[in-house]
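Undergrad: Fold the following for me, if possible:
(3 chains)
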Amino acid sequence: MTTEITIELDINGRSETLTLDPRVTLLDALREHLGLTGTKKGCDQGQCGACTVHVDGARVLSCLTLAAQAAGRPVTTIEGLSAPGGELHPVQAAFLEHDAFQCGYCTPGQIMSAVACIREGHAGSDEEIREYMAGNLCRCGAYPHIVAAVRQAAEMAS
Amino acid sequence: MARTASRNIGQSIPRLEAREKVTGRAEYVHHLRLPGMLYGKIFRSTVPHARIKSVDVSAAQALEGVYRVVTIDDIREAIPHPYYGPAFHDQPILADGKVRFAGEPVAVVLAADPHIAQEAVGLISAEYEELPAVFDEVEAMSSDVLVHDVLKPAATFPDLKHLAGRTGTNVALDYHLLRGDPEAGFAAADHVFEHTYRSQQVMHIPMEPFVSVADAADGRLTLHTASQSPSFVRIEIARLLGWPENRVRVKVPYLGGGFGGKLYIKLEALVTALSLVARRPVKVALTMEEQFFMVTRHPCTFTIKSGVNKDGTIVARTCKVVWNGGAYADIGPRVTQKAGFTSAGPYDIENVEIHSYAVYTNRPPCGALRGFGAPQTAWAYECHMDEIAEALGMDKVAFRRKNLLQNGRPQATGTIVQDAALEQALDQVADRLNWNEPLDRGDGRIRRGRGIAVGFKGITAPTTSVAIVNLYADGSCGLYISTVEMGQGSDTVMAQIAAEVLDMDAAAIKVVHPDTDVTPYDMGTLGSRSTFHMGTAVRLAAEDARKKIAELARELGLPEGSNLPLPELFRRKYGMQAGNIIGTASFIPKYEKPDAETGHSRNATPFWGVGASGAEVEVDTETGHYRITKLVNVADVGTALNPKLVQVQLSGAGIMQLGFTTTEEMVYRDGQLTNGSLADYKIPTLLDIPPEFINEHVDSEQKDGPFGGKGAGESTTIALSPAIGNALFDAVGVRLTDLPLTPEKIFRALCEANGTPLAGE
Amino acid sequence: MKAPDFDYVRVRSLDEALAALAAHGEGARILAGGQSLVPALNLRLLAPEILVDIGGIADLSGIALADGTIRIGAMTRHADLERSPEIARHVPLLARAVREIGHPAIRNRGTIGGSLAHADPASELPACVLALEARIVARGPSGERTIAASDFFRGLYETALGPDEILVRIEIPAAAAGERFAFHELARRHGDYAMAGIAALARDTGAATLRIAYFGIGSRPMLAAGAAAALRDHGASEAGAAAAVRALGADLEPQSDLQASAALRMHLAGVLLRRALKDLFPDAAGGREEEIA
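TA: Next up is the predicted model:
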């Protein structure tokens, strides 16, 4: 039988101590243990990008990261991007302005991915945005609008 | 026109729910946890057709943390006749003595911890006596293998009341239309062409997989479900339980995508039964992989034959459309009938005969998917149109235009076409493709081509929508509707319509989400119907509220046109901030049931969905790989009530159909799905979007629609596949008849055309 | 949490990691970036007793150039390779190929050591290290040993690593002046695993040093030795290219799967070889061609 482990997670600047089965992914730790449901479970297999969060400031798939692997490293989720009722992050505002979503389910992952994409310097042209945002699936097909939103947010950031 | 001055209609008002969605705070059933809730995980059949000899659940039951393992025998305790379905009551809540497709639910493990439930599923085993199975729709038409021994029509919906099925066969619905005398037409025609085309099985893949939660206690039931049709869920669950509707409450928050998948009954009957058996709230949330076993789009084999005169006039056409419905009918009979009656295409043809058959096979069930069958039929009739034009040496746009149905002319059913901008859409696509300019086709390894197609669809009828506009004492407004916001923008558009009548800002209106205890009946969020049907109901309900405001003013003795603010009216009436004004209305459009023999109807559809597409492609003749360099979609949406929302609907539907055209296909080996995950089943990514991607609507108006509007969610799915298939033919001279259009198929067709088979074959 | 039961240990040093392997034998699996391992666990394709997380061993990552050799620590992330000026300058083939691995979020966690040890026949890096004549360094209980890339990949997900060994670094000869490479892949959808791919390297301007490696074709990454020999003999002329394509029949063992049939794969291997030759020897083989991947 598996031995549970105790880990300390740094989520959106808050320290959270969890005792859990080592099989628990970062995604399940966020959603099931911490009630942070902004991060979405789509395929749970590393194929869709709906669960994208930042670890150490870099975008990762939380479904392919064990919670234990994130221990001690800063994790940012969509909830950490802007305060409730507060001003939206520029990428969120750009998604809103460009209607870069329909059902909204993939949107937190798209936005977390876009924030990182801009920070990495991979949002210099539409072509580059397409390449570096291609890991985030949107079944509603808001892709042209996503490119426009990322482009605008990147221009504002530069 | 007045609407140009409107602050609501025709304005690109941002989605009312935009902030919730970009902050990740939007509510989905996927997040829901209730106190004491159990999770259900499904044990599925591993064989496509078999009698169940035994199911051994003992090891699963013994696993620590397992609450209970449930089979159909347990479900019968709660629901004595556990069969459901919108067209046939053919689907058991869990397999009942037989399994009819590989992946069918056989048993469910309930546990407080979903991971324990999943582990226990792995401990269940079943013994089967395998039966011969049938997978192909054409084979199933005449096969001795019967998927169902007895057919059980449901008789819920008026358009499907005539359903009987053909006893002793796999045919669930046999739709027939006859206009004129096609045989005589063929005999008199200068040329006769006949071709067969096939569409593959694909899946909706909503990013939020199917999920439902049932909470049954003390003779009452609350369902929280990711459903596009809460009203139908209530009706069907109440029927299964033998309860009055008012003891079943169905609540639907936002949906993480639906696309026709989350319609009618899906997991709701199962979670209801589980909750009744367990006496605890129960949640069943499918994985992405399990979604492929829930509902899919029909594969289809379509043989189309046309008699054409030298001048390009089509004088006769026959269509034989066979729809692979999978193991359970779901809404397949409606797909068969609705897509059946338009399967001769948007053309003015004197002699037409259509046979459209829904057949059962041993595959996962098939239902509605963004187009209700129209994309499958257009794939056939629009490739066929190009093949004819090619043979006659006619320009492909001119040939279509010559035969196109004009407003005022009868469609094959006899229904007079109105407000269908077919020619406008076709011309706009041709214009965007610079159709009359020559194209550089290349002469080396890379060849270029372009293609065009146009199509239409009828709308499910007759269906009803009911709306309630509730004006509160401070003058603010709640809009109570059972239309499901699944990304299409219905909350916003319905608020715009109500606001327009009430002279308010759309953003100030609160749209109350479906809750059958609170929001009134709606047939379903499906088939492009909401803007037209619910939109009209909302308009009428808002007008009713206005009328009641005027009555109140009169009652208070105010002179006509006094325009006293509403809060003041309430204060004068009730002496304080109190009371409500409730406007309500229902809407059902005119409809005439098609004649069972001839399919004739003077009113077969409330309106027409129209879409035209054009594509330019580059093909690498060494590999068959191709690139779509330009894609144009033009739809008739009537007046665009919210142009920005219309835009994302049109491009989104186009991108979805692009996947169905180029990469998506459920692949089977011996009845087993071999690619049922996003790792192997490829949906479009950002890199699949053509560099030039144009989505537009024509300038038009649906005269009887709310402020001229009509549905926009499916139109660009209709003609996209044949536009690409026709472009590929134009580029390299090989005709692919079967979707999807893969590089390997193109390359093999080129090899065959050049007489250079692949080495080793 | 769909994976079978396992224990987890995060080690701080290689010795600790080796000790964990020694204690658990075949029951232990090394967890590097987890981008292949976690899905495999979730699909229950693997059922280790214990995962040994080497993510905390700092000296396992990094890229260094010394004595004409680039040394890449096993835990170096794909994203680090992608951003590294050393890699861009001294191993441009790797810089090119790494952009095709999954998507950015995958590349931020996936590691070169993990990718090589996983030995997925459809992935890019194994073929690249074959073409690059890389040496793979493993540490076991009795110290380090060096394995030539051509001896490393044994079969489907099978390598020369022993159960008590850890892949610690990869050593690649830095690019010489005049070195050229070619990299092409054909995928069903952009960003996917290739249905056929080629990584080729010529250490100088002639065909004498040419190494051609394929991925996505058979059950392991493969060197096309016969094709390279044909090109050495005939040069990269049309005759040489034709002979090389013929030789692929004996070099490769293509397989059929959902993506493509074996016969199509063999054809695509020939097409990719001709494209690679155009990149490597533009004068002999004619200019570069446009690609629709």
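
Undergrad: Name the helix or strand for residue 155, please.
TA: In the absence of a named chain, this looks at chain A. For A:Glu155, the element it lies in under DSSP states H and E is helix A:143-157.

Undergrad: let's do chain B instead
TA: Going by DSSP H and E, B:Ala155 is not in any helix or strand.

Undergrad: Which residue, neighbours along the chain excluded, lies closest to it?
TA: Of all residues not flanking B:Ala155 in the chain, B:Lys161 sits nearest, at 5.5 Å (Cβ to Cβ, 6 or more residues apart in numbering or on different chains). In short, each C-beta sits where N, CA and C put it, glycine included.

Undergrad: and what of B:Trp435?
TA: Nearest to B:Trp435 is B:Val397, by Cβ to Cβ, 6+ apart, at 5.6 Å.

Undergrad: swap in B:Asp670?
TA: Leaving aside its chain neighbours, B:Asp670 sits nearest to B:Pro48 (7.5 Å; criterion: Cβ to Cβ, 6+ apart).

Undergrad: how about the closest residue in space to C:Gly27 that isn't next to it in sequence, what does it touch?
TA: Closest residue to C:Gly27 apart from its sequence neighbours, by Cβ to Cβ, 6+ apart: C:Glu49 at 3.5 Å. Neighbouring residues of C:Glu49 by Cβ atoms under 8 Å, 6 or more residues apart in numbering or on different chains: C:6-7, C:24, C:27-28.

Undergrad: Now intersect these with the strands, please.
TA: Per DSSP state E, strands hold the following members of the contacts of C:Glu49: C:7, C:28.

Undergrad: export the contacts of C:Glu49 to JSON lines and tack on pLDDT?
TA: Converted to JSON lines, the contacts of C:Glu49 look like this (pLDDT from 0 to 100):
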{"residue": "C:Phe6", "pLDDT": "92"}
{"residue": "C:Asp7", "pLDDT": "93"}
{"residue": "C:His24", "pLDDT": "94"}
{"residue": "C:Gly27", "pLDDT": "93"}
{"residue": "C:Ala28", "pLDDT": "95"}
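
Undergrad: ChimeraX command for the buried members of the contacts of C:Glu49?
TA: Buried members of the contacts of C:Glu49 can be picked out in ChimeraX with the line below, counting by 16 or more other Cβ atoms under 10 Å in any protein chain shown:
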select /C:6,7,24,28
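
Undergrad: closest to chain B among the contacts of C:Glu49?
TA: C:Phe6 (13.2 Å; Cβ to the nearest Cβ).

Undergrad: Verify the stated contact: that closest one with A:Arg23.
TA: Yes: counting by Cβ atoms under 8 Å, C:Phe6 touches A:Arg23, with 6.6 Å between them.

Undergrad: okay, and the common contacts of those two?
TA: Common neighbours of C:Phe6 and A:Arg23 (Cβ under 8 Å, 6+ apart) are A:2, C:41.

Undergrad: In the stretch 101-250 of chain C, what residue comes closest to chain A?
TA: Among the residues of the stretch 101-250 of chain C, C:His103 lies closest to chain A, at 2.5 Å counting by Cβ to the nearest Cβ.

Undergrad: Enumerate every residue touching that residue.
TA: So C:His103 contacts A:49, A:134-136, C:191 (Cβ under 8 Å, 6+ apart).

Undergrad: Could you identify the most distant pair in the contacts of C:Glu49?
TA: Across the contacts of C:Glu49, the longest distance by Cβ to Cβ is 10.4 Å; it joins C:Phe6 and C:His24.

Undergrad: between those two, what contacts are shared?
TA: C:49-50.

Undergrad: ok, back up a step: how near is the residue nearest to B:Ala155 to B:Ile205?
TA: Noted for B:Lys161: a distance of 33 Å to B:Ile205, by Cβ to Cβ, to the nearest Å.

Undergrad: Comparing those two, which shows the higher neighbour count?
TA: More neighbours surround B:Ile205 than the other of B:Lys161 and B:Ile205, with 23 against 11 (other Cβ atoms under 10 Å in any protein chain shown).
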